[in-house]
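[1] Quick one, what's the 3D model for this:
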Amino acid sequence: RASEIKLCNFSRPHMRAFHFSWLGFFIAFFIWFAIAPLLSEIKVTLGLSKKEIWTSSIVGVGGTIFMRFLLGPFCDKVGPRVLFTSVLCFASI
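    Below you'll find the predicted structure:
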């Protein structure tokens, strides 16, 4: 039974998993919301109309909901670390 939590101790696998998980979540969250300030530049560069911008936003949110339903059972089967790493590696390609 743990009597104290050493947040800065990376020697135990539990703390390493904790820190890697919050760091991965922060990076994914930051990337997801970093698009808003860049939207005007992306619109000009890609020649997108206002309707296409709205469509891409709706598809992004809808895709997120769909992927949560799809990846939930896989998370139960293979575990969150393997699935999280696989999704991040696949999305980076």
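
[2] all contacts plus neighbour counts: C-alpha atoms, from now on.
    Noted.

[3] Tell me the spacing between the residue nearest to the spatial centre of the chain and Lys51.
    Geometric centre of the chain, nearest residue: Ala28, 3.4 Å, by Cα atoms, centre = their mean. Relative to Lys51, Ala28 is positioned 26 Å away (Cα to Cα, to the nearest Å).

[4] Then Trp32?
    Trp32 sits 20 Å away from Lys51, going by Cα to Cα.

[5] can you check Val87 too?
    29 Å.

[6] What segments of this protein are helices?
    For the chain, the helices defined by DSSP state H occupy 13-33, 35-46, 50-78, 80-92.

[7] Can you lay out the ones you listed as CSV showing mean pLDDT and distance to Lys6?
    Putting these into CSV (pLDDT from 0 to 100; distance: least, Cα to Cα, whole Å) gives the following:
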stretch, mean pLDDT, distance to Lys6
helix 13-33, 83, 8
helix 35-46, 87, 36
helix 50-78, 88, 28
helix 80-92, 86, 22
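
[8] Which one of the ones you listed lies nearest to Ile5?
    Taking Cα to Cα, helix 13-33 is the member of the helices of the chain nearest to Ile5, at 9.0 Å.
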